[in-house]
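Visitor: Return atomic coordinates for the entry below.
(one chain, ligands or ions: 1)
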Amino acid sequence: MSDFQQDLKLIAEQVNSHLKDYLQNQFSDSKLYEAMDYGLFSGGKMIRSYLVHASCKILDVKEKEYIPIAAAVECIHSYSLIHDDLPAMDNDDFRRGKESTHKAYGEFTAILAGSSLLTLAFEIISSFNFNISNEKKLKIIYALSSCSGHLGIAGGQFFDLSLKNEKVSKDKIINMQNKKTGALMGFCIEVAAILAGKKDLEEKFRSIGIRMGLLFQIKDDFLDKYGSVDILGKPVQQDVAKGKNTLIDYLGESETKKLMKNLKIEIEKDLKPFPKTNSLLDCMSFIINRKN
Ligand code: GRG
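Guide: Residues are numbered from 1 along each chain as shown. A predicted model of the protein is given here:
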């Protein structure tokens with residue numbers, strides 16, 4: 001296991017342990033609670049938690065200040081995947097090598113489990129036990145809620161689904177992917193600047209995260225085209241089958257790879273002035289070279 005992978009495992013354990021402790025206090029012997037647990041602890045890579053960790057490392061933000069934020073981000077991410085798999089959206093039966101939540105628990109339970117994870121994210125951040133200033137909490141809640149709604153993840157998902165089988169421009173595809181995948185990653189990096197009280201860095205950090213999100217989504221599209229169902233834990237070649245708009249389709253593979261290379265160079269350049277960027281750079285390499 002590489003140093004990065006060991007580090008990722010450690011962060012994943014810390015974040016999952018925060019989530020488990022938090023949820024233990026609200027244990028309920030119901031299928032809804034079970035479905036939330038199923039969707040949340042189903043073996044995701046926890047890349048977004050790692051992005052929060054790596055960017056906080058750059059600005060010397062303490063673990064106890066960012067682990068709850070990473071936990072909240074994983075709740076929103078899992079919620080989006082549970083809803084993404086629903087029959088009304090992508091209608092996928094498998095996720096992370098297991099039945100998707102609606103297959104395992106039924107549709108209404110999956111919808112409610114997703115919605116409960118969304119609200120849980122904001123509950124975790126606004127909790128009295130999370131000891132950061134109220135001003136920072138408010139800023140974080142504002143940033144996370146704006147990147148989750150119609151101008152962020154939900155908006156990106158709307159374009160992704162409503163523009164199926166339509167020929168759209170490169171800018172429209174990038175805009176859709178920046179919202180659907182980039183917005184949350186933008187938050188993961190921006191939040192370090194908020195926690196460190198460095199207002200002047202918020203925009204720059206968010207923009208680095210959005211571009212990492214675009215890299216992540218393009219790689220996801222390559223994996224959909226060439227990856228294996230066994231390694232990905234979900235069906236492959238779905239983008240073409242579902243008439244999704246991807247940059248690979250629009251630009252062709254070699255232009256898309258050039259775009260990835262340029263994004264990487266741009267991000268490296270933006271990170272140059274900062275110390276302790278090795279974890280974030282390792283994470284970017286992982287995003288580009290991952291097999292799942
Ligand atoms: C408002 C949060 C919110 C959601 C409602 C359903 C929906 C609207 C949005 C879906 C957005 C979506 C599915 C984006 C795809 C991003 C993506 C490539 C996910 C895969 O991420 P990985 O590979 O997943 O990090 P793991 O399984 O490793 O956690």
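Visitor: What residues of the lengthiest helix in the chain count as buried?
Guide: Determined from DSSP state H, the single longest helix within the chain is helix 199-226. Residues of helix 199-226 classed as buried by neighbour count (16 or more other Cβ atoms under 10 Å): 201-202, 204-225. Backbone N, C-alpha and C define where each C-beta goes, glycine included.
Visitor: So which of the residues you listed reach the ligand?
Guide: The residues of these that also fall near the ligand, by Cβ under 6 Å from any ligand atom, are 217, 220.
Visitor: now the helices for the stretch 51-200 of the chain?
Guide: Applying DSSP state H, counting those that start in this stretch to the stretch 51-200 of the chain gives helices spanning 63-84, 101-105, 107-126, 134-148, 153-162, 170-177, 183-195, 199-226.
Visitor: CSV for those, including mean pLDDT?
Guide: Compiled in CSV, the helices of the stretch 51-200 of the chain are given as follows (pLDDT from 0 to 100):
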stretch, mean pLDDT
helix 63-84, 98
helix 101-105, 98
helix 107-126, 98
helix 134-148, 97
helix 153-162, 97
helix 170-177, 96
helix 183-195, 98
helix 199-226, 97
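Visitor: so of these, which one's packed in deepest?
Guide: With neighbours defined by mean count of other Cβ atoms under 10 Å, none of the helices of the stretch 51-200 of the chain is more surrounded on average than helix 183-195, at a mean of 27.
Visitor: Counting by contacts, list what the longest helix of the chain packs against.
Guide: helix 47-58, helix 170-177, helix 183-195, helix 238-241, helix 247-251, helix 253-271, helix 278-289 (3 or more Cβ pairs under 8 Å, 6 or more residues apart in numbering; DSSP states H and E).
Visitor: Those residues of the stretch 101-250 of the chain touching the ligand, which are they?
Guide: Within the stretch 101-250 of the chain, the positions near the ligand by Cβ under 6 Å from any ligand atom are 148, 153, 154, 157, 180, 181, 217, 220.
Visitor: show me the residues around the fifth one that make contact.
Guide: It stands for residue 180. With contact taken as Cβ atoms under 8 Å, 6 or more residues apart in numbering, residue 180 is in contact with 153, 156, 157, 159, 160, 217.
Visitor: Show the pLDDT at the residue in the chain positioned nearest to the ligand.
Guide: Nearest to the ligand in the chain, going by Cβ to the nearest ligand atom, is residue 44, at a distance of 2.6 Å. Predicted confidence (pLDDT) at residue 44: the value is 95.
Visitor: how about the nearest residue to it, chain neighbours excluded?
Guide: residue 96 (6.2 Å; Cβ to Cβ, 6 or more residues apart in numbering).
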